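Undergrad: quick one: sequence and predicted model below, then my questions.
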Amino acid sequence: MKKVAVVLAGAGVFDGAEIHEAVITLLALDRGGAQVQCLAPNVDQMHVINHLAQQPGTGNRNVLEESARIARGSIIDLAQAQAGDYDAIVFPGGFGAAKNLCDFAVKGVDCSVNPQVETFIQQGLKAGKVFGFICIAPALAAKVIGKEGAKPRLTIGNDAGTAAALEQMGAEHVNAAVNEIVVDEKNKIVSTPAYMLGPGIADVAEGIEKLVGKVLEMC
């Protein structure tokens, strides 16, 4: 049985992991016969968004605690995980991937990646693990794997500005539709645009299911 780590960034599209993307990923992995372990860094979110008003909210929220909502409590601190224990690593999207796992949403090409996330990706890369990056999460691959000089081949859809930023960070961007995947055989990376394009959950699911199928095939 293939063992897959799913790295979450909170719970909610505007300040955490995109819940549709995360749940579709978990469902597809389960249907594919994989053993799944959810992970998240034990850090505060960058900020909190009131998803009803789509305006800044009040208080603080913890990424690990919020991610546990999606994982039904079955989650471990990323700091306690080793990439070598898994066959594949998947990162769903949502603004949390670009706010909590890194600060690409604020700093663009000058972003930095959470040290635990960066170490986990580096470990996986060195160990030859398979990666899946969904929605905006390919920004993590561009920053970490691009810095290693590996020039990851990936997609966030077709947004010219975001694509250019990823290429500045060392990636090769490929335009793709929501129901398509881009495969980097050399670096063992699969990516799909998901809600970078939408428009709906069925469209997003088609791309994510293809991504999960390819990730499991490549393991």
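TA: Okay, I see it. Residues are numbered from 1 along each chain as shown.

Undergrad: so which residues of this structure form strands?
TA: 3-7, 35-40, 49-50, 55-56, 75-77, 88-91, 130-134, 153-154, 172-173, 182-184, 189-192 (DSSP state E).

Undergrad: can you add distance to Ala141, mean pLDDT and mean neighbour count and give these back as a markdown table?
TA: To be clear about C-beta, it is placed using only N, CA and C from the backbone, and glycine gets the same treatment. As requested, the strands of the chain are exported to a markdown table (distance: least, CB to CB, whole Å; pLDDT from 0 to 100; neighbours: other CB atoms under 10 Å):
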| stretch | distance to Ala141 | mean pLDDT | mean neighbour count |
| --- | --- | --- | --- |
| strand 3-7 | 12 | 98 | 23 |
| strand 35-40 | 17 | 98 | 21 |
| strand 49-50 | 25 | 96 | 16 |
| strand 55-56 | 29 | 92 | 10 |
| strand 75-77 | 22 | 98 | 16 |
| strand 88-91 | 8 | 98 | 27 |
| strand 130-134 | 5 | 98 | 28 |
| strand 153-154 | 6 | 98 | 24 |
| strand 172-173 | 11 | 98 | 20 |
| strand 182-184 | 9 | 98 | 22 |
| strand 189-192 | 6 | 98 | 29 |
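
Undergrad: so what's the spatially most central residue of the chain up against?
TA: Nearest residue to the geometric centre of the chain (CA atoms, centre = their mean): Phe91, 2.4 Å. By CB atoms under 8 Å, 6 or more residues apart in numbering, the contact list for Phe91 reads 6-7, 97, 101, 131-134, 137, 140.

Undergrad: which one of the strands of the chain lies nearest to Gly124?
TA: Gly124 lies closest, by CB to CB, to one member of the strands of the chain: strand 88-91, at 5.1 Å.

Undergrad: tell me the strands beside that closest one, with direction?
TA: The pairing partners recorded for strand 88-91 under DSSP bridges are strand 3-7 (parallel), strand 130-134 (parallel).

Undergrad: using CSV, write down the CA coordinates of it.
TA: Coordinates of each C-alpha in strand 88-91 appear next as CSV, following Å, rounded to 0.1, in the frame of the first residue of the first chain:
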residue,chain,number,x,y,z
ALA,A,88,4.4,10.7,-2.2
ILE,A,89,3.6,14.2,-0.9
VAL,A,90,0.6,16.2,-2.0
PHE,A,91,-0.1,19.9,-1.3
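
Undergrad: what does the longest helix seen in the chain rub up against?
TA: As assigned by DSSP state H, the longest helix anywhere in the chain is helix 201-218. Helix 201-218 is contacted from outside by 2, 4, 20-21, 24-25, 28-29, 32-34, 88, 90, 130-132, 134, 177-181, 183, 188, 190-195, 197-198, using CB under 8 Å, 6+ apart.

Undergrad: buried residues of it, list them for me.
TA: Buried residues in helix 201-218, defined by neighbour count with 16 or more other CB atoms under 10 Å: 203-216, 218.

Undergrad: repeat for stretch 109-119
TA: In stretch 109-119, the ones that count as buried by 16+ other CB under 10 Å are 111, 113-114, 116-119.

Undergrad: for stretch 161-178, how far is the first residue from the last?
TA: 18 Å (CA to CA, to the nearest Å).

Undergrad: same question for stretch 24-39.
TA: End-to-end distance for stretch 24-39: 16 Å, by CA to CA.

Undergrad: can you list contacts of the helix or strand of the chain with the lowest mean pLDDT?
TA: Counting by mean pLDDT, DSSP states H and E, the chain has its least confident helix or strand at strand 55-56, which shows a mean of 92. Outside strand 55-56, the residues that touch it by CB under 8 Å, 6+ apart are 47-50.
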